[in-house]
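[1] Build me a structure from this.
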Amino acid sequence: MLRRFRLATSVVAVLSATVLLASCVTYSVSPLYDAQTIFFEPALVGVWVEQTKDKPTTITFTKSKTPDDSYDATYVDSENTPPSMTFYHVHLAKLGGKVFLDAVLTGSSPAPKNEDAASANKYHLIARISVDGDRFYLGLIDDNRLQEGFTSGKYSLPHEIVGDDAVLTASTAELQKFVADHANDDQLFPLAEPLTRKK
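    Here you go, the predicted structure:
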């Protein structure tokens, strides 16, 4: 089970290619969105490029063919030989006046070599996002800050600590309330350097 939650290398690289993680990653067993909070941002559709590397990574968002307002996201890591691709199903939710991303891994190429990696599509990765013209900002939950908040009593939310990671076991309603209450917490949701839209 522990390895199922330790997918930070692939999942985080996909949705936050510019984040230099000094901490672990928070996952949720419940989705953040529901029919009342789901949100579609047309400006997110497109190809976003990390400009800080010689071989830039890209994230492509397309509108999903599913009946709900969701996206399919494809990440290409050009630093690998051959380049690796990872695929996600993404929903947005608007909570506390901010937009949040909920991403679930759906596949990768090359395919994962073990059962634990293949089962990652059960878990949700949550981030606060912002699209400002041709710039895309993404802020994953700071797992260290979250765990410190749990210990101090600043944050309260059903969870388990699996290895070094916080795994949120809260219901969707509980998760939404927590995120809405802390939507403007820049320490809990620190934004990385932006990705830029490919022209």
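
[2] Would you map the helices across this protein?
    For the chain, the helices identified by DSSP state H occupy 2-5, 8-15, 115-118, 143-152, 172-181, in order along the chain.

[3] Need the mean per-residue confidence for the first one.
    What it means is helix 2-5. Mean pLDDT, helix 2-5: 37.

[4] now swap in stretch 141-160 and tell me
    Here the mean pLDDT over stretch 141-160 is 95, rounded to a whole number.

[5] same check, this time on stretch 34-41
    In this model, stretch 34-41 has a mean pLDDT of 95.

[6] what sits up against that stretch?
    With contact meaning Cβ atoms under 8 Å, 6 or more residues apart in numbering, stretch 34-41 is reached by 33, 63, 68-70, 91-95, 99, 131, 172, 176. For every residue, glycine as well, the C-beta is placed using N, CA and C.

[7] from the middle of its chain, how far away would that stretch be?
    16 Å (Cα atoms, centre = their mean, to the nearest Å).

[8] Now do that stretch: distance from first to last residue.
    Distance across stretch 34-41, first residue to last, is 16 Å (Cα to Cα, to the nearest Å).

[9] from the contacts of stretch 34-41, which ones fall inside strands?
    Judged by DSSP state E, the subset of the contacts of stretch 34-41 located in strands is 63, 91-95, 99, 131.
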